[in-house]
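Q: I would like the atomic coordinates for the input below:
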Amino acid sequence: MKLKFLLFLLLLAALAAADTLIGSTGFVWPFGSGDGIESDMARRILFDFRLPKAGVALLAGAALSASGLLMQTIFRNPLAGPYVLGVSSGASLGAALFLLGLPMLGNAGIARDLGIAVSAWIGAAAILLLVTAVSVRIKDIMAVLILGMMFGSAASAFVDILQYFSSDAALKGFVIWSMGSLGGLSDGQLLILAVCVAGGLLLAAGSVKSLNLLLLGEGYARSMGVCVGRVRGVIFLATSLLAGSVTAFCGPIGFVGIAVPHIARMFFRRADHRILLPASVLIGADMMLFCDLISQLPGTDLILPVNTITALLGIPVVAMVVVNSKRGRMM
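A: Numbers count the residues shown, from 1 in each chain. Now for the predicted structure:
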């Protein structure tokens, strides 16, 4: 077990180094002996662009993977995730209301950054509450999943309406945001993202024991003294912080939250959240760094939207989960 964690940590270090040194402008090594213009430019590329982007990739992968694990446990649904259940769409709606519907409130600095984040949190929480209300009344897992997707589609429809009535400048900025990007965050945005992800992960870590008991059913968890309503509220707060913050600053990134927890289960062969949570966080960070690395085209100025790469990598995992569930074998 420790060896597996060590291997993924070494992989994380290798991917972080590669993602930092290799990019669309080619290989950059800023620690040369010269002090010329090329060396100064290399340092600027490394410290002003690539290092922050690698940090965002690490935070986003960890946050989305942890939120996916939390949702799969709470809803007892192997296909639950922030993107599939519409949480990311709700966060997108909240961000769109701020960016497109209330542009005068988001003109500058920390106020704009906080406004986007808070709006995304509220949107994510609203969808979570709707899905929870449905799951209490409807016990069919697939029905809850379908309704969650419907809620997400409804949120996306409202976003389309906002786009239709928005100005060209606001619309262009929102479309670029919706493609998903790990770069371009200001220092203030990166700080807010780091604080929110840390807070969400701490809430998740504090709920590990309750999550393990919930695996055996809510009735059993209550008999062991777990306040299911309070735990659910804490998990929803953690999920809103994790998925909402990433969506606010990086755009809607799909398939990481649903795929990575299953990859963690496959490698570690455990249902214990004391192992699954750190494993999912670590593998999610690895996966996002890898996606960011291959989304860049060395020697060109082109960078592919990162959510296209996460979809290509995540879809096979989701397909495998569906096939296994139909055979009666859950990962």
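Q: C-alpha from now on. contacts and neighbour counts both.
A: Will do.
Q: For residue 60, see how far away residue 73 is.
A: Separation of residue 73 from residue 60 (CA to CA, to the nearest Å): 20 Å.
Q: Mind checking which of those two has more residues around it?
A: Shown here are residue 73 and residue 60; by other CA atoms under 10 Å, residue 60 has more neighbours (30 against 18).
Q: wait, what's in contact with that one?
A: Applying CA atoms under 8 Å, 6 or more residues apart in numbering, we find residue 60 in contact with 246, 285, 288.
Q: Now stretch 9-29: average pLDDT?
A: In this model, stretch 9-29 has an average pLDDT of 85.
Q: Then stretch 285-305?
A: Stretch 285-305 comes out with an average pLDDT of 82.
Q: just how off-centre is that stretch within its chain?
A: The gap between where stretch 285-305 is centred and where its chain is centred comes out at 17 Å by CA atoms, centre = their mean, to the nearest Å.
Q: which residues are in contact with it?
A: Here stretch 285-305 makes contact (CA under 8 Å, 6+ apart) with 8, 11-12, 15-16, 18-19, 22-27, 54, 57-62, 179-182, 256, 306, 309-310.
Q: what number of residues lie near residue 175?
A: Count around residue 175 with other CA under 10 Å applied: 12.
Q: What about the contacts of stretch 285-305, which are in strands?
A: In strands, defined here by DSSP state E, the members of the contacts of stretch 285-305 are 22, 23, 26, 27.
Q: distance of the last one from residue 40?
A: Right, residue 27. Going from residue 27 to residue 40 by CA to CA gives 15 Å.
Q: Check residue 119 too.
A: From residue 119 across to residue 40, the span is 39 Å (CA to CA).
Q: which ones are touching the one residue sitting closest to the centre of the chain?
A: For the chain, residue 64 is the residue whose C-alpha lies nearest the centre (CA atoms, centre = their mean; 2.7 Å). Shown in contact with residue 64 (CA under 8 Å, 6+ apart): 82, 242, 243, 246, 256, 257, 284.
Q: How about residue 210?
A: 221, 226, 231.
Q: looking at this, it is in a helix?
A: Yes - counting by DSSP: H, G, I helix; E, B strand; the rest coil, residue 210 is part of a helix.
Q: begin at 31 from here
A: Sure, I'll start counting at 31 from here, so that last one is residue 240.
Q: wouldn't residue 262 be in contact with residue 104 here?
A: Yes - Residue 262 is in contact with residue 104 according to CA atoms under 8 Å; the separation is 7.2 Å.
Q: just the buried members of the contacts of stretch 315-335?
A: Taking 16 or more other CA atoms under 10 Å as the criterion, what is buried in the contacts of stretch 315-335 is 38, 41-42, 45-46, 48-49, 52-54, 84, 87-92, 209-212, 286, 336, 339-340.
Q: So which of those residues are in helices?
A: 38, 41-42, 45-46, 48-49, 84, 87-92, 286, 336, 339-340 (DSSP state H).
Q: element containing residue 174, please.
A: helix 171-194 (DSSP states H and E).
Q: actually residue 275, not the one I typed
A: Counting by DSSP H and E, residue 275 is part of helix 258-280.
Q: Give me the helices and strands touching that helix, please.
A: Helix 258-280 makes packing contacts with helix 81-104, helix 117-126, helix 139-167, helix 217-236, helix 248-253 when contacts are defined by 3 or more CA pairs under 8 Å, 6 or more residues apart in numbering; DSSP states H and E.
Q: Could you give the average pLDDT over the second one?
A: What helix 117-126 shows for mean pLDDT is 84.
Q: The first one now?
A: The average pLDDT within helix 81-104 is 93.
Q: can you check the fourth one too?
A: Averaging the model's pLDDT scores along helix 217-236 yields 91.
Q: Mind listing what's buried along that helix?
A: Neighbour counts using 16+ other CA under 10 Å place 219-220, 222-224, 226-231, 233-235 of helix 217-236 among the buried residues.
Q: same question, the shortest one
A: Within helix 248-253, the residues that qualify as buried by neighbour count (16+ other CA under 10 Å) are 248, 251.
Q: try the third one
A: For helix 139-167, burial by neighbour count (16+ other CA under 10 Å) applies to 142-158, 161-162, 164-165.
Q: And the second one, by the same measure?
A: Along helix 117-126, these residues count as buried under the neighbour rule (16+ other CA under 10 Å): 117, 118, 119, 120, 121, 122, 123, 124, 125, 126.
Q: just checking, what packs against that helix?
A: By 3+ CA pairs under 8 Å, 6+ apart, helix 117-126 packs against helix 139-167, helix 171-194, helix 258-280.
Q: now with 6 Å?
A: Secondary-structure packing of helix 117-126 (3 or more CA pairs under 6 Å, 6 or more residues apart in numbering; DSSP states H and E): helix 139-167, helix 171-194.
Q: closest to residue 241 out of the ones you listed?
A: With CA to CA as the measure, helix 139-167 is the member of the helices and strands packed on helix 117-126 nearest residue 241 (16.3 Å).
Q: just for the stretch 231-361 of the chain, where's the confidence low?
A: Counting by pLDDT under 70, the ranges of the stretch 231-361 of the chain that qualify are 327-331, 355-361.
Q: Contacts for the helix holding residue 174 next, please.
A: For helix 171-194, the external contacting residues (CA atoms under 6 Å, 6 or more residues apart in numbering) are 115, 116, 119, 120, 123, 161, 165.
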